[in-house]
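show me the folded form of this:
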Amino acid sequence: SDPGASLAAALMAAVARRQQQQQMREMAVAPGPGLQEVLKPEVLTPLLQDPEVLERLSSYLPEEQRSRQALLELARSPQFQQQLATFSGALQTGQLDLAQFGLQAQGFTVADFLRAIQELVEREQQQQP
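This is a model prediction of the structure:
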């Protein structure tokens with residue numbers, strides 16, 4: 001038997017195994033609920049009733065979305081829930097680089113994401129005079 005052919009076959013098998021392992025990692029979803037399960041309309045509705053929350057959100061929203069009613073309608077819309085599910089899918093499979101948002105998440109779960117947001121807010125508050 002040809003040792004070069006055996007070596008080539010072994011290398012090809014190793015590369016194929018590595019590619020398969022990488023694909024499995026990419027398909028793996030971090031455990032836990034998605035954002036659409038955490039940010040349900042019944043959870044968001046009381047938050048959106050708070051004037052302080054509305055004031056904080058308003059600077060991130062287009063003018064026509066700044067009313068309490070518009071935000072409540074948005075939170076209840078199937079499109080918003082679908083966007084949360086899409087974002088969660090990218091988050092939980094590691095396809096989303098949270099560093100682009102200034103977040104330093106320790107993993108790919110929604111809890112990791114929310115913890116990273118909390119840490120960012122705390123860092124920003126510490127930097128304020």
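
list the contacts for the residue most central in space within the chain?
Centroid-nearest residue in the chain, with Cα atoms, centre = their mean: L91, separated by 3.3 Å. For L91, the contact set (Cβ atoms under 8 Å, 6 or more residues apart in numbering) comprises A30, L35, L98, F108, V110, F113. Quick note: C-beta positions are derived from backbone N, CA and C, even for glycine.

how about V121?
Applying Cβ under 8 Å, 6+ apart, no residues contact V121.

next one: the one helix or strand it maps to to chain centre, how far?
Element membership for V121 (DSSP states H and E) is helix 110-127. Put simply, helix 110-127 sits 14 Å off its chain's centre (Cα atoms, centre = their mean, to the nearest Å).

now the helices: where do they sit in the protein?
Ranges of helices in the chain, per DSSP state H, are 3-27, 35-38, 41-48, 51-58, 68-76, 78-92, 110-127.

would you mind pulling up the elements that the shortest one packs against?
Which is helix 35-38. Identification of packing neighbours for helix 35-38 by 3 or more Cβ pairs under 8 Å, 6 or more residues apart in numbering; DSSP states H and E yields helix 78-92, helix 110-127.

and if we set it to 6 Å?
Helix 35-38 sits against helix 78-92, with contacts defined as 3 or more Cβ pairs under 6 Å, 6 or more residues apart in numbering; DSSP states H and E.

and the contacts of L91 as CSV, adding neighbour count?
Shown next, in CSV, are the contacts of L91 (neighbours: other Cβ atoms under 10 Å):
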residue, neighbour count
A30, 17
L35, 20
L98, 17
F108, 21
V110, 22
F113, 25
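
please consider this matter closed, and thank you.
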